[in-house]
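In: sequence below, structure please.
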Amino acid sequence: MKMSKSDPNIELYYWRDPTGKEVDFIVKKGLKVKQLIQVCWDVGDWNTKKGELKSLVKAMTEFKLRQGFVITADYDGEERINNGTIKFISLYRWLLSHNVEGRLRQKQKLL
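Out: Have a look, this model is predicted:
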């Protein structure tokens, strides 16, 4: 599935390993995995957080990435796990950082 009209080489995938661990979004550019993104509404529940992070760390190891992201409802933070970093970012901040809000306003003006 294509992710960006501005860069046709960027693709978005879902990942699952043979044991059932999954990552919600894998961002690829060409043949290289560039980013791993989990989506978790509430990381306040330890069991949910543990499962999400376990899968993300496994994928980080498999794709040789030192950073993974978890998009949350309202939590921002960072944790070091093994040799990598997990960045938690609230959906609102993630949308702003990708200028989604500005693009939506532009589309509304066109309509």
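In: can we go C-alpha only for contacts and neighbour counts from here?
Out: Fine.
In: in CSV, list the C-alpha atoms belonging to stretch 34-50.
Out: C-alpha atoms of stretch 34-50 as CSV (Å, rounded to 0.1, in the frame of the first residue of the first chain):
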residue,chain,number,x,y,z
LYS,A,34,12.6,3.1,7.9
GLN,A,35,10.2,3.1,10.8
LEU,A,36,8.1,0.9,13.1
ILE,A,37,4.9,2.3,14.6
GLN,A,38,2.6,0.7,17.2
VAL,A,39,-0.8,2.3,18.1
CYS,A,40,-2.0,1.9,21.6
TRP,A,41,-4.8,3.9,23.2
ASP,A,42,-3.8,3.6,26.8
VAL,A,43,-0.2,2.6,27.8
GLY,A,44,-1.3,3.0,31.5
ASP,A,45,-2.3,-0.7,31.5
TRP,A,46,0.9,-2.5,32.2
ASN,A,47,-0.2,-5.8,30.4
THR,A,48,-1.2,-3.9,27.3
LYS,A,49,2.0,-1.8,27.3
LYS,A,50,4.2,-4.9,27.9
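In: neighbouring contacts of that stretch?
Out: 23-28, 52, 56, 59-60, 65, 67-73, 75 (CA atoms under 8 Å, 6 or more residues apart in numbering).
In: okay, and which of these map to strands?
Out: Judged by DSSP state E, strands contain the following of the contacts of stretch 34-50: 23-28, 67-72.
In: may I ask which two of those are separated the most?
Out: Across the ones in strands among the contacts of stretch 34-50, no pair lies farther apart than 28 and 72, at 21.7 Å, counting by CA to CA.
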